[in-house]
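A.B. asks: Prediction below, plus the sequence it came from.
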Amino acid sequence: MTHSQQGGIEHIMATEARIPVPEAFAQQANVTAEQYREWYRESVESPDTFWDARARDFHWFTPYTQVLDWQPPFARWFVGGETNLSYNALDRHVEAGRGDKRALVWEGEGGDVREYSYAQLLEEVARTAAALTRLGVKKGDRVTIYLPMIPEATISMLACARIGAPHSVVFGGFAAGAVADRLMASGSEFVITADGGWRKGELVPLKPAVDEAARLAAAQGQPVRGVLVVQHAGQNIPMQPGRDHWWHEARGEDTQEAVPVDSEHPLFLLYTSGSTGKPKGILHTTGGYMVNVALTTHAIFDLKDSDLFWCTADVGWITGHSYSTYGPLLLGQSIFMYEGAHNHPDWGRFWDMVERHRITVLYTAPTAIRSFMRHGDETPAQYDLSSLRLLGSVGEPINPQAWHWYRRVIGGDRCPVVDTWWQTETGAVMLTTLPGVHAAEPGTAGVPMFGIVPAILNQQGEELPADEGGFLTIRQPWPSMLRTVYGDDERFRRSYYGEIEGVYFAGDGARRSEDGYVTVLGRVDDVLNVSGHRLSTAEVESALVAHPQVAEAAVVGRPDEMKGESIFAFVLPQEGETPDAAELRAYVSRQLGKVARPDHIVVAPALPKTRSGKIMRRFLRQIAAGRTIEGDTSTLDDPGVLKRLAETPVQ
Ligand code: PRX
């Protein structure tokens, strides 16, 4: 395996003793040990039979004629079938007499609470779909959603799905530049946004970013035709006549039926960072995504009618698509949603909501768990967390210390903890333990989900022996896999099926134990994982070099106890300039958003380059981590630069 993250993940590599499945949990689990074994075998040996049986739980306007058509690397699932995800997530439950069942409970940062039953959510979605149609949105048109975590985000996604308009959700923490890039890349002419959101008691201005992004896109010949604006923060914002419409005015009483779409009709695009500066539009389609997201939610989160499931992920990320929205709704279960910061007004906020709403299943990120842990056991101890019965982790490797804290302090030593490994590209969880089946090994994600065939390979594509680190690859296609990189099949092939012949590989290293537990070791490419947010070093570098005082920049990750990784930037100034670190941080924030702001900056006298001019990041990572330089420095044009860099103050 190549190099990059090895330094940062050593602390999680020790093998931990396994924690058995609590007997009481196993007895009531949605999936039993025997069923996992049988289903897994069938899913791998006869995938058509297995997935056909799972797909029958859903409504198909036209039945499919073939389960899978696999022309590597292009897959089509449930070929010829017509369905609609919004129909399956809403109408199907209401028609089955479950309209009164709670679908969504939302709490705002200020403490206001809203609840929607399935019948009410359907009504909202159908009215929004009608409004979108009136605005001119047609089947196939891409709609950009740039909203805070409010019910209108859920409603908008489902309304798009209802009319077959693929959504492209842009994380509300991204700035205008990032919104503009995504608008242009997706060719999106419609936007749904809000007059603002709330975070730590402060207003997040969203509409001005949309205005700016629309201006940038129009300058490139791609105007935005319609903007729906949710009135949420009570702000007096400029509205552009003819283009901008208030959500509450644009929606009438009329409703729009779900439109049958082909199983392979695009459901959404989600832009994510790869190793280059240009984010990739990951394309997910309807039928396969629907079936696997529902199945994994059922098996992993064990949802039942008595549950209230809180997946804390923002809808701007894949976890917010698959598990804050689609998965639980497809199962007809209840979702909890929260807008705001996890520590507002204090570190008890999450636990206060768990107590008040009787949340039963909680799915969050290691970075949040670590920050709660740092604030001690006393805060959660003040709340009644007895409603919780299952805990999940996602987004980055979880260190055993945080895992144990989560299980003991939040889970009262009674809740199973699942550590789920997956990616934007995979659409659904790939590796985890099932809460009623597998003993959990802290720091180790676990075993493959149905239909997933992982292989730990070396660069030549040879399978490695147990316990040896290599590339984490997947051998067979699975229903919720990405179909392509939007508009760029070649980039899809190159990025995911190009590195090692015949298998899917998307950037992580891993090792596998003798009995099949997979430990994910982190990224082996130039993708950073900062507090569970995925960023490419190249993206941050291009933002930095756009600054007039910067000639060149090299960005690497530095292991960070809280964030997993922090952003470390080496910048080479333009001749005669002395860039100010605070100014550079603000500059990157304005372009990409706060998530991409460098934590550490070294104004470098020079960068370590090979004679052919390639920057040797390996050495920069060592300097950033404060480690001694290891490896062959003889290929460097000027090996002395390493010493000078290590001595330059970090700002
Ligand atoms: O490096 C892995 C890490 O997050 C990457 C995917 O990021 P993204 O597409 O933003 O999706 C995040 C949420 C699914 C992976 O390549 N990652 C995610 N979950 C885990 C993880 N690393 C280790 N353990 C996990 N449970």
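C.D. replies: Looks like it arrived, so ask away.
A.B. asks: Once you drop chain neighbours, what's closest to the residue in the stretch 51-200 of the chain that the ligand sits nearest to?
C.D. replies: Per CB to the nearest ligand atom, F171 is where the stretch 51-200 of the chain lies closest to the ligand, at 10.3 Å. Where you see a C-beta, it was placed from the backbone N, CA and C, and this is true even at glycine. The shortest distance from F171 to any non-neighbouring residue, by CB to CB, 6 or more residues apart in numbering, is to G316 (2.7 Å).
A.B. asks: Pretty sure that neighbour sits against H167.
C.D. replies: No: taking CB atoms under 8 Å as the definition, G316 is not a contact partner of H167, at 11.4 Å.
A.B. asks: who has more neighbours, the two?
C.D. replies: H167 (27 against 24; other CB atoms under 10 Å).
A.B. asks: now the strands for the stretch 1-150 of the chain?
C.D. replies: 66-71, 74-79, 82-83, 102-107, 113-117, 143-146 (DSSP state E, counting those that start in this stretch).
A.B. asks: do the same with the stretch 201-350 of the chain
C.D. replies: Using DSSP E, counting those that start in this stretch, strands in the stretch 201-350 of the chain cover 202-204, 226-230, 244-246, 261-262, 266-272, 280-285, 308-311, 334-338.
A.B. asks: Could you spell out the sheet neighbours of the first one, each with its direction?
C.D. replies: Here strand 202-204 is paired, per DSSP bridges, with strand 197-199 (antiparallel).
A.B. asks: How about the shortest one?
C.D. replies: Here strand 261-262 is paired, per DSSP bridges, with strand 82-83 (antiparallel).
A.B. asks: Equivalent analysis for the last one, please.
C.D. replies: Taking DSSP bridges as the criterion, strand 334-338 forms sheet pairs with strand 102-107 (parallel), strand 308-311 (parallel).
A.B. asks: Go through the ones you listed and pick out the most buried.
C.D. replies: Mean neighbour count (mean count of other CB atoms under 10 Å) peaks for strand 308-311 among these, with a mean of 24.
A.B. asks: average model confidence for it?
C.D. replies: Model confidence over strand 308-311, given as mean pLDDT, is 98.
A.B. asks: now what about it, what contacts it?
C.D. replies: Strand 308-311 has contacts (CB atoms under 8 Å, 6 or more residues apart in numbering) with 102, 105, 301, 303, 319-320, 323-324, 328, 333-338, 353-354, 357-364, 387, 392.
A.B. asks: Just the buried ones among those residues, please.
C.D. replies: For the contacts of strand 308-311, a burial check counting by 16 or more other CB atoms under 10 Å picks out 102, 105, 301, 303, 319-320, 323-324, 328, 333-338, 353-354, 357, 359-364, 387, 392.
A.B. asks: near the ligand at all, the helix or strand containing R558?
C.D. replies: Using DSSP states H and E, R558 sits in strand 550-560. No: residues of strand 550-560 contacting the ligand under CB under 6 Å from any ligand atom: none, with a closest distance of 11.3 Å.
A.B. asks: CA atoms only: put the longest helix along the chain into CSV for me.
C.D. replies: Ranked by number of residues, the top helix in the chain under DSSP state H is helix 118-135. Provided in CSV are the C-alpha atoms of helix 118-135 (Å, rounded to 0.1, in the frame of the first residue of the first chain):
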residue,chain,number,x,y,z
TYR,A,118,-46.3,10.3,7.0
ALA,A,119,-49.6,11.8,5.7
GLN,A,120,-48.4,15.3,6.5
LEU,A,121,-45.0,14.8,5.0
LEU,A,122,-46.5,13.3,1.8
GLU,A,123,-48.8,16.4,1.5
GLU,A,124,-45.8,18.8,1.9
VAL,A,125,-43.7,16.8,-0.6
ALA,A,126,-46.6,16.6,-3.1
ARG,A,127,-47.3,20.4,-2.9
THR,A,128,-43.6,21.2,-3.2
ALA,A,129,-43.3,18.9,-6.3
ALA,A,130,-46.2,20.8,-7.8
ALA,A,131,-44.5,24.1,-7.1
LEU,A,132,-41.3,22.9,-8.7
THR,A,133,-43.2,21.8,-11.8
ARG,A,134,-44.8,25.2,-12.0
LEU,A,135,-41.4,26.8,-11.7
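A.B. asks: Can you pull the poorly scored residue ranges out of the stretch 201-350 of the chain?
C.D. replies: For the stretch 201-350 of the chain, no stretch has pLDDT under 70.
A.B. asks: how about the residues of it near the ligand?
C.D. replies: 272, 317-319.
A.B. asks: List the ones among these that fall in helices.
C.D. replies: Among these, the members that lie in helices (by DSSP H) are 318-319.
A.B. asks: who's in contact with the nearest residue to L121 once chain neighbours are set aside?
C.D. replies: Leaving aside its sequence neighbours, L121 sits nearest to A103 (CB to CB, 6+ apart; 4.4 Å). Listed by CB under 8 Å, 6+ apart, the contact set of A103 reads 90, 116-118, 120-121, 329, 334-335.
A.B. asks: go with 10 Å
C.D. replies: The contact partners of A103, by CB atoms under 10 Å, 6 or more residues apart in numbering, come to 89-90, 93-94, 115-122, 124, 151, 154, 328-329, 332-335.
A.B. asks: thinking again about what came up before, could I get the strands paired with strand 334-338 as JSON lines with distance to E189?
C.D. replies: Formatted as JSON lines, the strands paired with strand 334-338 follow (distance: least, CB to CB, whole Å):
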{"stretch": "strand 102-107", "distance to E189": "29"}
{"stretch": "strand 308-311", "distance to E189": "30"}
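A.B. asks: between those strands, which gets nearest to V259?
C.D. replies: strand 102-107 (21.1 Å; CB to CB).
A.B. asks: how far does the closest one sit from the chain's center?
C.D. replies: Centroid separation between strand 102-107 and its chain, computed with CA atoms, centre = their mean, to the nearest Å, is 21 Å.
A.B. asks: Output that strand as PDB, nothing but the C-alphas.
C.D. replies: Output in PDB follows, covering the C-alpha atoms of strand 102-107 (Å, rounded to 0.1, in the frame of the first residue of the first chain):
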ATOM      1  CA  ARG A 102     -44.600   9.900  12.900                       C
ATOM      2  CA  ALA A 103     -42.200  10.400  10.000                       C
ATOM      3  CA  LEU A 104     -40.100  13.300  11.100                       C
ATOM      4  CA  VAL A 105     -39.500  15.200  14.400                       C
ATOM      5  CA  TRP A 106     -37.400  18.300  14.000                       C
ATOM      6  CA  GLU A 107     -35.900  20.600  16.600                       C
END
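A.B. asks: Tell me what angle it forms with strand 113-117.
C.D. replies: With axes from the mean of the first three to the mean of the last three CA atoms, to 10 degrees defining the directions, strand 102-107 sits at 170 degrees from strand 113-117.
A.B. asks: Would you indicate which residues of stretch 49-68 are buried?
C.D. replies: 50-52, 54-55, 58, 60, 64, 67-68.
A.B. asks: which two from those residues end up farthest apart in space?
C.D. replies: Pairwise distances across the buried residues of stretch 49-68 (CB to CB) peak at 17.2 Å, for the pair F50 and W60.
A.B. asks: How about stretch 563-576 and the ligand, any contact?
C.D. replies: No: in terms of CB under 6 Å from any ligand atom, no part of stretch 563-576 sits within range of the ligand; the closest distance is 8.9 Å.
A.B. asks: what distance separates that stretch from the middle of the whole chain?
C.D. replies: The answer for stretch 563-576 is 25 Å, by CA atoms, centre = their mean.
A.B. asks: List the buried residues for that stretch?
C.D. replies: 563-573.
A.B. asks: quick check, nearest of these to the ligand?
C.D. replies: Taking CB to the nearest ligand atom as the measure, the ligand sits nearest to G564 out of the buried residues of stretch 563-576, at 8.9 Å.
A.B. asks: sorry, back to before: pipe the residues of the stretch 201-350 of the chain next to the ligand into TSV and attach distance to R243 per row.
C.D. replies: What follows is those, written out as TSV (distance: CB to CB, whole Å):
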residue	distance to R243
T272	28
W317	28
I318	30
T319	32
